[in-house]
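Visitor: Quick one, what's the 3D model for this:
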Amino acid sequence: MVVDKYMDRMKDDTTLTFEFICEKGKLVSLFWADEAAKVNYREFGDVVSFDATFQTNNVWYLFLSQESLTIERVLLLQLPTVVLTDEDVAMKIAIERILPYSRHRLRMWQITQKLPSKVCAELADDMKFKKRFNKLIWNSRIDASEFDIRWRSFIEDYKLQEISWFSKMFHMIESWIPAYFRDMPLSGLMRTTSRSESMNSAFNKISHWGNSLVKFFSSFDSAMDRQRHNQCYLDHLSNISKIKSKISLKIMEHAADIYTNEVLIKVKKEIEQSLFSCSQYSVTNEEFYDRFVVMQYKDIMGSTPTVVNEEDSESECDVPEKTYFFKVVYDKKESRFECSCSLFFQNGLVFSPTNGIFPLKFTV
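Guide: Numbering: from 1, shown residues only. I've put the predicted structure just below:
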């Protein structure tokens, strides 16, 4: 019935894609995408997340983990840079075979949920232990070598050497720790499960894991219509009303023109933070580049950034104890900034170290 419904719909909508695979008279995999979904993927499909855990049972799980599903057809327009999944072995094998040039990454949230069951009850209830663990693994501002040092220190301090789960996760470290993805644009999807959970919540309101396939498709269409309507409404609000700032800066005015209100709140916070936590430590002017070293104070930041080489911070003047240094390079020809924190590259937002050196004549 579902197949017949979508085959009939394709006759009236030539932009709709619907494909399915049957084996021995049974439907084992299917894929569908309307034009709106294709446009969204074309614009934002450099990072793709597969969530095979939503209200799963043995039937629904097959639709995502069967290798017979031709992923090339799923990814119609371009191959993603990064593919995110849970620790499902079938998905790992399929991605390695069909998307060999895509980076496979595991969703961190599902890994961290296992932590309490892997340690003793005393550590499971120790807030300092959990805070230190989360602060370590979620830190996207340190590089891989620094992470390794901090991980080993963490393991030794809490005497976790004999727990095999920690050894296993360390050997898989390149698949789930942000420090190993500093060279990859993650489009703000660091905490991917929060987005998956948001989507699951939307479907929860109108569907149930025990529904038939026909009911599921009906619920899916309703959920997508509702989500797209809400998106149009929020876009409309962003167009007719902008968040005002008490700080008069050209970069703030430019941000208000190009960002939605939700993103603008984050950008506004970074710009304002840069005024109080960042300052130019040194600047070197060259023919094609201006090179800055920016100081940022940890007490105001709330998180630990990447530290540049020690020789970049040598000076006769005194430096506050909790201070970190970033390299920021301005390409005069391209009118482009690049910061050693890599957060603009990863998340698409200009973070406070870069904002800290913007002359008022620059807009980005």
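
Visitor: Residue 281 belongs to a helix?
Guide: No. Looking at residue 281 with DSSP: H, G, I helix; E, B strand; the rest coil, it is strand, so not inside a helix.

Visitor: quick one: the helices in the stretch 151-300 of the chain?
Guide: 164-171, 192-204, 213-240, 250-258, 261-277, 298-301 (DSSP state H, counting those that start in this stretch).

Visitor: can the ones you listed go into a markdown table with extra columns for mean neighbour count?
Guide: Heads up, the C-betas are built off the backbone N, CA and C, glycines and all. Below are the helices of the stretch 151-300 of the chain laid out as a markdown table (neighbours: other C-beta atoms under 10 Å):
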| stretch | mean neighbour count |
| --- | --- |
| helix 164-171 | 13 |
| helix 192-204 | 15 |
| helix 213-240 | 13 |
| helix 250-258 | 16 |
| helix 261-277 | 17 |
| helix 298-301 | 14 |
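
Visitor: can you put those helices in CSV and add mean pLDDT?
Guide: Shown next, in CSV, are the helices of the stretch 151-300 of the chain (pLDDT from 0 to 100):
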stretch, mean pLDDT
helix 164-171, 94
helix 192-204, 59
helix 213-240, 84
helix 250-258, 82
helix 261-277, 82
helix 298-301, 49
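
Visitor: export those helices to CSV and tack on distance to residue 88?
Guide: What follows is the helices of the stretch 151-300 of the chain, written out as CSV (distance: least, C-beta to C-beta, whole Å):
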stretch, distance to residue 88
helix 164-171, 16
helix 192-204, 14
helix 213-240, 20
helix 250-258, 38
helix 261-277, 31
helix 298-301, 37
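
Visitor: of these, which approaches residue 46 most closely?
Guide: Closest of the helices of the stretch 151-300 of the chain to residue 46 is helix 192-204, at 13.6 Å (criterion: C-beta to C-beta).

Visitor: Show me where the stretch 251-364 of the chain dips below the pLDDT cut-off.
Guide: Scanning the stretch 251-364 of the chain for pLDDT under 70 picks out 298-322, 347-364.

Visitor: again with the stretch 1-150 of the chain
Guide: 51-77.

Visitor: rerun that using 80 as the cut-off
Guide: Along the stretch 1-150 of the chain, segments meeting pLDDT under 80 span 1, 28-29, 43-79, 88, 90, 98, 109-110, 140-141.

Visitor: got the residue ranges for the helices in it?
Guide: Assigned by DSSP H, counting those that start in this stretch, the helices in the stretch 1-150 of the chain fall at 2-12, 35-44, 58-65, 71-74, 89-98, 108-112, 115-118, 121-124, 127-137, 144-157.
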